[in-house]
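Visitor: Predicted structure and sequence below. I'll ask about it afterward.
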Amino acid sequence: MYKTNNTEELLNISGADIKRCMKCGRCSASCPSYEDMDILPHQFVSFAENGRAEDLMASESLWKCLSCFACIERCPRDVKPARLIEAARLMIIRKQGEDYLSPDEIPELLNPEVPQQLLVSAFRKYRR
Amino acid sequence: MIYSYYPGCTLKTKAKELDEFARLSATKLGFTLEEIEEWQCCGAVYPLGTDEVASKLPVIRALNEAKKKNQPLVTLCSACHHVFKRVNDDMKNNKDIRDTVKNYDEELEYKGETEVLHYLEVIKNFVGFDKLKAMVETPLKGRKVGAYYGCMLLRPSSIMQFDDPENPTIFEDFLRAIGAEPVIYPYRNECCGGYISLKEKQKAQGMVEKIVENATSNGSKELITACPLCQYNVKQTAGEDLPVYYFTDLLAEALGLKEGEADV
């Protein structure tokens, strides 16, 4: 395993223990966004192992993860793949200009029923 | 019994009825919800990054207020409950986070002492489903209700300790106590799409369609939830076909505090 600086930062932010992974794939099998992801939850672990944080940070999967915690709940080895995805997402949105949601977009996304909870959680996940 | 109460942002705005009928029902059931003063938004999602501490401060302050009064802290919204349980767990078990918190606010001497309870847990553990059953004035006879748990109350179960994450029963026990007929369907702990419905509506719709199909094909005529975002996402797709209520709507109705939904 070789580590780029980005991979080291990814592992630090995530707190995930990737060495425990036994590649059973149950995280990806449990993921409700499986069909929309270009890099799947179990592959996040492999990418991190191989020092490929930059590829993870460029992945569409960052915006498909719903933080439903099914992968964390069902992992038999307590690896916490969702934390790796979150860490990659944080490394992107912490960069200036890399937000996934801008306040300017909000008016056209609103309808009268939208609960505050939705706006707060989307802003927390999509920008800093 | 008096509990510290954290309503959260949505219960003051789009989900006022969740708050209102919970308070009314609490009075009838013999406990009091004392709203924490000057509470701030919990953030709606738990900050998963290990280096995120500042965003947990509003929750820690509210937990500390409850500690000062020596009261358990009660929440209703699934998102608030999720964030509170997990931040409380951090404060109990993670010294690094505790030390960082002190850097922000020296007076925040908090080590996870407050007990965090969901309103439903108060009914289950301190009122009791038997006592609730005895207090029901209008049993919801013949109502086939599917409980929609969603994600945040259940997972990760090691920290939430709310119920069995794959086979939960607390909502069904509640429904039996108020005289309704619980409908068990496999998708009741599947994700509604959560925050993805803001930018990618169709994606959330696809997920909700599966849940609605699964709930109705198993016999549900209505759903209950504790989460304003679950309710919003399901309603956006299900429309009039499958009404989604807060569990407190049915509770207040059974206790004779609210007009019936079935007749509307």
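Guide: Sure, I can see it.
Visitor: Near chain A, which residues of the stretch 1-150 of chain B are found?
Guide: B:8-10, B:13-15, B:41, B:43-45, B:47-52, B:55, B:77, B:79 (C-beta under 8 Å from any C-beta of the partner chain). Yep, even glycine has a C-beta here, placed from its N, CA and C like the rest.
Visitor: what's in contact with stretch B:103-113?
Guide: Residues outside stretch B:103-113 that contact it (C-beta atoms under 8 Å, 6 or more residues apart in numbering or on different chains): B:53-54, B:57, B:60-61, B:63-64, B:67, B:88-93, B:98, B:101-102.
Visitor: Buried ones from the residues of the stretch 1-150 of chain B next to chain A, can you make that a PyMOL selection?
Guide: To isolate the buried ones among those in PyMOL, judged by 16 or more other C-beta atoms under 10 Å in any protein chain shown, type:
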select buried, chain B and resi 8+9+10+14+15+41+43+44+45+47+48+49+50+52+55+77+79
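Visitor: Let's see which of the residues of the stretch 1-150 of chain B next to chain A end up in helices.
Guide: residue B:79 (DSSP state H).
Visitor: Which ones among the residues of the stretch 1-150 of chain B next to chain A lie within strands?
Guide: Nothing among the residues of the stretch 1-150 of chain B next to chain A maps onto strands, per DSSP state E.
Visitor: now for stretch B:121-137, what's the gap between its first and last residues?
Guide: 21 Å (C-alpha to C-alpha, to the nearest Å).
Visitor: out of the contacts of stretch B:103-113, which are buried?
Guide: Taking 16+ other C-beta under 10 Å as the criterion, what is buried in those is B:53, B:57, B:60-61, B:63-64, B:67, B:88-91, B:98, B:101.
Visitor: those helices in the stretch 101-250 of chain B, which residues are they?
Guide: Secondary structure of the stretch 101-250 of chain B by DSSP state H, counting those that start in this stretch: the helices cover B:119-122, B:129-135, B:157-160, B:170-177, B:196-199, B:201-217, B:228-238, B:247-254.
Visitor: shaky segments in chain A?
Guide: Within chain A, the ranges that satisfy pLDDT under 70 run A:1-3.
Visitor: Write out the residues of it neighbouring chain B.
Guide: Near chain B, when you scan chain A using C-beta under 8 Å from any C-beta, you find A:12-15, A:32-33, A:36, A:63-64, A:66-70, A:72-73, A:82-83, A:86-87, A:90, A:100-101, A:105, A:109, A:113-122, A:124-126.
Visitor: Contacts only, for residue 33.
Guide: All of this is about chain A. Residue A:33 makes contacts with A:61, A:64, A:65, A:66, B:203, as judged by C-beta under 8 Å, 6+ apart.
Visitor: Oops, wrong one, chain B.
Guide: Going by C-beta under 8 Å, 6+ apart, the list of residues near residue B:33 reads B:3, B:5, B:22, B:23, B:26, B:74.
Visitor: try 6 Å
Guide: Contact analysis of residue B:33 by C-beta atoms under 6 Å, 6 or more residues apart in numbering or on different chains lists B:3, B:5, B:23, B:26.
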